[in-house]
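Trainee: Quick one, fold the following:
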Amino acid sequence: MMNCKSAILLLSLSLSAGYSYSQVAGDEDKEMFNQAKTRDERAIAAAKNGWWTASMKNHEARMQWWRDAKFGMFVHWGLYSIPEGEWKGKIVNGYAEHLMRKEKISKADYLELAHEFNPLKFNAEEWILKAKKAGMNYFIITAKHHDGFALFDSKVSDFDVMDQTPFKRDPMAELAAAAKKHGMKFGFYYSHAFDWEHPDAPGNDWEYKNPGGDQLIGGANWFDNHPDWLPKAQKYVDGKAIPQIKELIHKYHPDILWFDTPHKLPFSENLKILQAIRETDPNIVVNGRLARTATGNFGDYQNTGDRPAEFRTVSGDWEAIPTTNESYGYSKHDDSHKSAGFFIRLLANASSRGGNLLMNIGPKGDGSFDQKDQRILDSIGPWLHKNKASIFGANRSSLPIPAWGVTTQKGNKVYLHVFDWPKDGKLLLGGLKTEVKKAYLLNDPAKKKLLVKRLGPADLSISVPGKCPDAADAVVVLELNAPLKVDSMRLLANKDIGNRLLAFDAVLHGQGFGFGDGKTDRYFVDGLKSEGQYFSWDFKTLAPAKYQILVKYLAGADPNGTYRVELGNLNVEMPTFAQKTGVVTQEIGVMDLPAGVYQLKFRAANAHDIELLKLLEVQVIPVAP
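Mentor: Residues are numbered from 1 along each chain as shown. Reported below is the predicted structural model:
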């Protein structure tokens with residue numbers, strides 16, 4: 001059982017420490033969007049002047065169930081599940097579902113896996129009920145992943161479960177029926193760009209010498225560098241991808257379609273696929289990794305990077321896609337499973353910023369779930385059952401980020417998700433100007449009132465039990481007398497809890513910044529190259545205290561660069577560790593802060609148009625007297 005108190009939130013714990021399992025180059029790409037060219041501009045203009053604009057008229061209607069759902073199950077399952085992260089006696093690290101690419105397996109040899117695929121433990125109703133019991137409201141499974149193998153009865157290609165396996169059942173049909181029976185929204189992941197079995201598709205550069213793979217034949221933007229190669233890929237899109245997507249729509253009537261790796265095709269092809277979906281069924285929700293550029297997203301919502309641990313606050317609808325360990329497909333060698341508490345907190349954090357959580361499970365080749373995955377699901381479900389009001393129907397929070405966790409809100413109720421329970425029984429909340437009518441623990445059947453004391457126009461102290469009622473996330477409810485009014489100034493904890501000022505939450509001053517993908521140790525802001533750029537965080541303190549200041553970052557390439565931290569009377573210039581690998585943690589100093597309002601600034605002090613560092617966070621940690 002976890003302790004309620006932790007100096008640093010679980011969401012930022014390094015998940016790789018102590019694990020031999022690791023990702024490998026080529027498993028994923030930082031950017032998953034296209035750089036627009038003339039060909040694409042024509043397609044964009046046609047979309048905006050016609051079919052796409054028309055399709056957005058019912059965008060709000062088709063998105064309503066998705067917004068309400070909040071929490072879903074993602075499933076990566078296929079032929080790659082059989083080897084369990086091994087090939088010919090060798091452990092294959094990274095994403096298990098990328099086995100065919102990593103080991104450069106020919107289509108003929110890969111078919112041997114299909115001839116072994118007979119998952120007799122697969123039970124569609126059990127899978128759907130497992131998701132439902134865990135509190136999930138939508139279910140997405142890989143109908144066809146990058147290996148090109150269809151886990152459904154496809155008439156477009158015989159590289160499918162009915163033609164090539166002894167199983168001779170259509171698991172997608174069974175899952176669709178079970179989802180409908182139990183009121184679960186249902187959909188498919190379909191790899192529209194990568195298809196390693198197809199001689200015309202991007203990705204297979206070991207057997208067909210096609211572009212878009214690890215060898216980068218023709219470069220990352222091969223379709224612009226070699227437009228004469230494009231007709232071949234278009235033949236694949238028109239002959240396999242679009243027809244199979246239409247098969248999925250007509251045969252199984254999905255609520256949602258999920259796509260990936262759009263950068264392997266030109267944007268015009270991705271738009272063509274989206275248009276085909278909209279013309280076939282305009283009510284299907286489509287995620288944001290099908291058709292997007294650096295300046296626009298033609299899908300229904302945005303996605304984070306893979307395996308996120310931290311989130312940026314963004315406008316609009318978005319979805320995070322964590323997985324229980326470090327691979328999406330099943331690998332028996334990947335024991336890097338996070339705790340159920342990690343996912344509970346991740347769900348609360350996503351909800352507090354207006355996002356959904358689509359949590360991945362990689363079932364075994366026999367159709368069963370790994371017991372480690374099952375234990376995670378079995379622990380999330382009871383928490384959600386008790387605390388569902390704080391997630392489902394709740395909205396992104398307008399309150400400033402507290403040191404102890406996150407907040408969500410629903411009408412005149414505010415939900416305090418407390419990850420770090422106060423040792424002294426006094427929970428401090430900053431930013432709430434509206435008067436509180438009643439405070440209580442959400443999972444307290446008696447709804448016993450908690451004493452609320454106002455400390456200032458926008459600050460409260462709530463007396464809570466000395467013992468933490470839920471180690472993962474204890475939820476306190478505040479019922480308000482009137483609609484919520486807030487002060488956006490952040491309140492700094494002055495004892496027991498460390499304050500984490502994430503780069504993701506900073507105000508950015510200057511141009512040229514970029515963002516990391518939110519993974520553990522990759523929740524950075526980069527592009528710090530000139531002395532005019534800086535980060536800032538505004539906050540206040542209610543009592544004088546002594547604080548230790550720490551900076552965490554990934555090193556840049558400037559061997560002579562320095563940065564400066566400014567806070568109150570603290571003004572310290574520090575050298576960077578150029579080209580050092582891993583996370584660098586530097587102590588800036590210890591200082592006394594009287595009660596008051598402050599701005600912490602982190603700026604480039606000595607920069608030479610070379611990246612100084614990638615900032616993760618500044619920690620302001622109370623020092624016990």
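Trainee: beta partners of His417?
Mentor: Val406, Val475 (DSSP bridges).
Trainee: CA atoms only: put stretch 230-238 into PDB for me.
Mentor: Extracted C-alpha coordinates of stretch 230-238, given in PDB (Å, rounded to 0.1, in the frame of the first residue of the first chain):
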ATOM      1  CA  LEU A 230       3.800   8.400 -54.400                       C
ATOM      2  CA  PRO A 231       1.500   6.600 -56.900                       C
ATOM      3  CA  LYS A 232       2.600   3.300 -55.400                       C
ATOM      4  CA  ALA A 233       1.500   4.300 -51.900                       C
ATOM      5  CA  GLN A 234      -1.700   5.800 -53.300                       C
ATOM      6  CA  LYS A 235      -2.400   2.400 -54.900                       C
ATOM      7  CA  TYR A 236      -2.200   0.800 -51.400                       C
ATOM      8  CA  VAL A 237      -4.400   3.500 -49.900                       C
ATOM      9  CA  ASP A 238      -7.100   3.100 -52.600                       C
END
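Trainee: For it, which residues meet the burial criterion?
Mentor: By neighbour count on 16 or more other CB atoms under 10 Å, the buried set for stretch 230-238 is 230, 233-234, 236-237. Yep, even glycine has a C-beta here, placed from its N, CA and C like the rest.
Trainee: What average pLDDT does that stretch get?
Mentor: Stretch 230-238 carries an average pLDDT of 97.
Trainee: cool, stretch 281-291 as well?
Mentor: Mean predicted confidence for stretch 281-291 is 97.
Trainee: just stretch 94-105 next, same as before
Mentor: 98.
Trainee: Give me the contact list for it.
Mentor: For stretch 94-105, contacts defined as CB atoms under 8 Å, 6 or more residues apart in numbering pick out 22-24, 26-28, 76, 78, 80-81, 83-85, 87-88, 92, 110, 142, 145-147, 196, 203-204, 206-207, 213-214, 327-331, 334, 362.
Trainee: Just the buried residues of those residues.
Mentor: Of the contacts of stretch 94-105, these count as buried by 16+ other CB under 10 Å: 23, 27-28, 76, 78, 80-81, 83-85, 92, 110, 142, 145-147, 196, 203-204, 206-207, 213, 327-331, 334, 362.
Trainee: Next, the contact list for the closest residue to Ser398 other than its chain neighbours, please.
Mentor: In space, Ser398 comes closest to Val486 once its chain neighbours are excluded; the distance is 5.2 Å by CB to CB, 6 or more residues apart in numbering. Counting by CB under 8 Å, 6+ apart, Val486 touches 398-400, 431-433, 458.
Trainee: now Val486: how far from Gln409?
Mentor: 10 Å (CB to CB, to the nearest Å).
Trainee: Show me the common contact partners of those two, please.
Mentor: In contact with both Val486 and Gln409: 398-399, using CB under 8 Å, 6+ apart.
Trainee: if we can go back for a sec, cross the contacts of stretch 94-105 against helices and list the overlap.
Mentor: Tyr110 (DSSP state H).
Trainee: on that earlier part again, partners of the residue nearest to Ser398 in the sheet?
Mentor: Leu432.
Trainee: so how far is Thr576 from the nearest residue to Arg307 once chain neighbours are set aside?
Mentor: Using CB to CB, 6+ apart and skipping the chain neighbours, the partner closest in space to Arg307 is Lys519 (5.2 Å). From Lys519 across to Thr576, the span is 22 Å (CB to CB).
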